[in-house]
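Visitor: just coords:
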Ligand code: MET
Ligand SMILES: [Zn+2]
């Protein structure tokens, strides 16, 4: 077996430094360009990446880390796990990713505790596995033509099966999947490939004995393949825990461990192995402290046969290059590293060896006290709110945003470029608010919103108005497919210099006699969707953000807003992968939310909104938020969510309109969903609303859908008041 070179990265961004892949994909999907052009852009991005990594001095280059959509979907294709119904589509790959006319896409969900989303494979008894190694082989050969020897990267068999829609049923297919991997190893060996990387991030979560047995079976079998490349099994996003000795006992040659938060126990098991040491964080944007990295490397070197310097995970989760950010404060820039800079750090650590002074442990900051104010018990608040708001039964509301028009986006760009005066921009926003208010009045909604036209993004907008945050010019990170987000950088103490949303909320309120709901993003979601300083515990940082939100709640209330929504769609996302950390996280996350909202008076109704979440796992925490009304995504998951959240003794708005689809639900569909809700919950607690914000939809769709929602609600109200509901 050949020795693993001294430095590597587990993966690299692929959307393009200027989002070239995004544009190429969208143009291909729209039919503006053909497949050849899309493939040309992909090939150019891969070539640029290998050249750059090589120039930076990285010793081992990965391949097959590029993807036209998602690496899990690529793995499904590699293994032939394409569900029957997609096989006849013009382009089965993108049909699975995005759906087609009449064919829904595969489900998509979050990749571990990141904001990246993968396509959930469907694996069951009927799946026919058949290796299709075209993609890894093509990338390998492309790199060779450019003069680069690469290490193909593939999702490992256990993680692939555990990530599929029904993991238990999928694990039953382990033997068949392993046959494909064996064949893949043979094909790579035939090409003369020295090393292959199999990603097994699923092993950093708690695993059952059966699952650990699957790990043993898988890697004993793969290591037993006669002619194969050397095997490098990569873990990331945490420690391997009980999977470490299992993996180490197999004959795989190299194991990748995430060392960003210190070295795990049990390293002695790695004796004789090559350890690919993830000391440079692949998911944070802070420069690596060299003495801490060197310390971790020394610790591992005491046990391992060989230590290779690497990133803790793929660099997919950070932007390309800090040099694209000339507007950042130089003091901040000096603290940062994006993908390019991280590669340089890896190379430097490998070059200088692991010598250096011992790191100084930082003193833990003292905990900040909780705010003393407590809201009254729900019954007291509910009575005060009912008297004050006088809402009808089954009140209809929305989640906040209305369609973002091209005109608004252009105006914002012009404002940033200095070609549109601030006053003119503000008048445009006010006109849009008026349009949204009139539309809601016309549709007969009960609790109105201003529509969030001033917000580019529900987190970035707040980051731009709070101290302690910076926003980037090009800091795009892939979220899914062609979609990217630009996470703000939370680098200092957070404070709110002045009110942020009040002027827009006040404007909406001045236009109507109906109640208007103020709209804020919650503290947990703001930190979840930002790059957050690592010199304070996340809890402390989140509390600082909560205090800023709390001030905003107070000011909205003082401006006469009697309903205020504080969104926490990312509450589930930060949940630690291992159960041991979950209760502690949920406790402070809930405390942060209550800190943000508990300054409101009893007659002010606090709403919260959650989506993207497998709410089932965090039910008690959602209940603990103690919001007067919780709106939650449910149009697709149906009754499941009702069973789960029905026990909350407060207001509940399970979504009746799936806003992720351009489809307009009929009045009959909405009525059916509402009837199901009313069968599970007392009518006086039920709210009627879409699943999520409407900003990605068109006005045409929204108007038609909300008209159907209002009509269906009207019919049920009539039944309820005539006493024969259900
Ligand atoms: C991802 S949750 C979105 C909530 C936000 N208020 C909106 O309506 O867009
Ligand atoms: Zn939402």
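Guide: On my side now, so go ahead. What you are looking at is a predicted structure, and each value in this text was computed from that prediction instead of being measured. Ligands and ions are numbered 1, 2, ... in the order given.
Visitor: and the stretch 351-500 of the chain, which residues reach ligand 1?
Guide: Listed as neighbours of ligand 1 in the stretch 351-500 of the chain under the rule CB under 6 Å from any ligand atom: 399, 400, 401, 458. All C-beta atoms are positioned from the backbone trio N, CA, C, and that covers glycine.
Visitor: make it 8 Å
Guide: With the criterion set to CB under 8 Å from any ligand atom, the stretch 351-500 of the chain comes near ligand 1 through 398, 399, 400, 401, 449, 452, 455, 458.
Visitor: Filter those down to the ones in strands?
Guide: The strands, defined by DSSP state E, take in nothing from those.
Visitor: Report the contact partners of the closest residue in space to residue 291 that isn't next to it in sequence.
Guide: Setting aside the residues directly before and after it, residue 291 is nearest to residue 359 in space (CB to CB, 6 or more residues apart in numbering), at 4.4 Å. Residue 359 sits next to 289, 291, 292, 295 when contact means CB atoms under 8 Å, 6 or more residues apart in numbering.
Visitor: who wins for most neighbours among these?
Guide: Within those, neighbour counts (other CB atoms under 10 Å) peak at residue 295, which reaches 20 neighbours.
Visitor: ok so, going back, in TSV, list the residues of the stretch 351-500 of the chain next to ligand 1 along with distance to residue 483 and neighbour count.
Guide: Converted to TSV, these look like this (distance: CB to CB, whole Å; neighbours: other CB atoms under 10 Å):
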residue	distance to residue 483	neighbour count
398	22	29
399	19	27
400	20	25
401	16	22
449	24	26
452	19	25
455	17	24
458	15	21
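Visitor: Let me have these in TSV, adding pLDDT and distance to residue 323 as columns.
Guide: Listed next are those as TSV, based on pLDDT from 0 to 100; distance: CB to CB, whole Å:
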residue	pLDDT	distance to residue 323
398	98	42
399	98	38
400	98	36
401	98	34
449	98	40
452	98	33
455	96	29
458	97	29
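Visitor: ok, these vs ligand 2, which is closest?
Guide: Nearest to ligand 2 among these: residue 399, at 5.7 Å, using CB to the ion.
Visitor: Relative to residue 452, how far out is the closest residue to that closest one other than its chain neighbours?
Guide: Distance criterion CB to CB, 6+ apart; nearest residue to residue 399, sequence neighbours excluded, is residue 693 at 4.7 Å. As judged by CB to CB, to the nearest Å, residue 693 and residue 452 stand 7 Å apart.
Visitor: Mark which of the contacts of residue 359 are part of helices, please.
Guide: Among the contacts of residue 359, DSSP state H puts 291, 292, 295 in helices.
Visitor: I'd like to know which of the residues you listed is nearest to ligand 1.
Guide: Among the ones in helices among the contacts of residue 359, residue 292 lies closest to ligand 1 (CB to the nearest ligand atom), at 35.1 Å.
Visitor: what residues are up against the closest one?
Guide: 279, 359.
Visitor: Would you map the helices across the stretch 301-450 of the chain?
Guide: All helices of the stretch 301-450 of the chain, identified by DSSP state H, counting those that start in this stretch, fall at 330-333, 339-352, 378-389, 406-417, 422-443.
Visitor: want to throw those helices into TSV with mean pLDDT, distance to residue 481 and mean neighbour count?
Guide: As requested, the helices of the stretch 301-450 of the chain are arranged in TSV below (pLDDT from 0 to 100; distance: least, CB to CB, whole Å; neighbours: other CB atoms under 10 Å):
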stretch	mean pLDDT	distance to residue 481	mean neighbour count
helix 330-333	98	30	12
helix 339-352	97	20	21
helix 378-389	96	41	15
helix 406-417	93	20	14
helix 422-443	98	28	17
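Visitor: Ligand 2: which of those helices is closest?
Guide: Nearest to ligand 2 among the helices of the stretch 301-450 of the chain is helix 422-443; the distance by CB to the ion comes to 17.4 Å.
Visitor: And for whichever helix or strand comes after that closest one, what's in contact with it?
Guide: Toward the C-terminus, helix 422-443 is succeeded by helix 460-465 as the next helix or strand (DSSP states H and E). Residues from elsewhere that reach helix 460-465, judged by CB under 8 Å, 6+ apart: 454-455, 469-471, 486, 488, 490, 496-498, 500, 520-521, 526, 530.
Visitor: top of those residues by neighbour count?
Guide: Greatest neighbour count in those, by other CB under 10 Å, goes to residue 526: 32 neighbours.
Visitor: Which of the helices or strands spans that residue?
Guide: Per DSSP H and E, residue 526 falls inside helix 523-528.
Visitor: For the chain, what lies in contact range of ligand 2?
Guide: Residues of the chain found near ligand 2 (CB under 5 Å from the ion) are 569, 611, 692.
Visitor: top of those residues by neighbour count?
Guide: Among these, the one with the most neighbours (other CB under 10 Å) is residue 692, at 26 neighbours.
Visitor: hmm, back to that, check the residues of the chain next to ligand 2 against ligand 1, which are close?
Guide: Counting by CB under 8 Å from any ligand atom, 569, 611, 692 from the residues of the chain next to ligand 2 sit close to ligand 1.
Visitor: burial count for residue 313?
Guide: Counted with other CB under 10 Å, residue 313 comes out at 28.
Visitor: my guess is it meets residue 282, correct?
Guide: Yes. Look at residue 313 against residue 282 with CB atoms under 8 Å: they come within range, at 3.8 Å.
Visitor: Overlap of the contact sets of those two?
Guide: The contact lists of residue 313 and residue 282 share 10, 11, 236, where a contact means CB under 8 Å, 6+ apart.
Visitor: Any quick PyMOL command for the buried ones out of those?
Guide: Here is the PyMOL command that selects only those of the shared contacts of residue 313 and residue 282 that count as buried (16 or more other CB atoms under 10 Å):
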select buried, resi 10+11+236
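Visitor: got a list of what residue 644 touches?
Guide: Applying CB under 8 Å, 6+ apart, the residues near residue 644 are 615, 616, 619.
Visitor: Name the surrounding residues that touch stretch 666-685.
Guide: 393-394, 635, 638-639, 642-643, 646, 649-652, 654, 656-657, 686, 688, 708-709, 711-713, 715-716, 720, 725-726.
Visitor: Helices - which of the residues you listed land there?
Guide: Of the contacts of stretch 666-685, the ones assigned to helices by DSSP H are 639, 642, 643, 708, 709, 711, 712, 713, 715, 716, 720.
Visitor: Closest to residue 565 out of those residues?
Guide: residue 709 (17.9 Å; CB to CB).
Visitor: on that earlier part again, what's the offset of the helix holding residue 526 from the middle of its chain?
Guide: Mean-position distance between helix 523-528 and its chain equals 12 Å (CA atoms, centre = their mean, to the nearest Å).
Visitor: Just the residues contacting the helix or strand that it is followed by, thanks.
Guide: Sequence-wise, the next helix or strand downstream of helix 523-528 (DSSP H and E) is strand 531-532. Here strand 531-532 makes contact (CB under 8 Å, 6+ apart) with 284, 285, 286, 487, 488, 489, 490, 538, 541.
Visitor: The last one contacts residue 492, doesn't it?
Guide: No. Using CB under 8 Å as the test, residue 541 is too far from residue 492 to be in contact (10.0 Å).
Visitor: Thanks again, I'm all set now.
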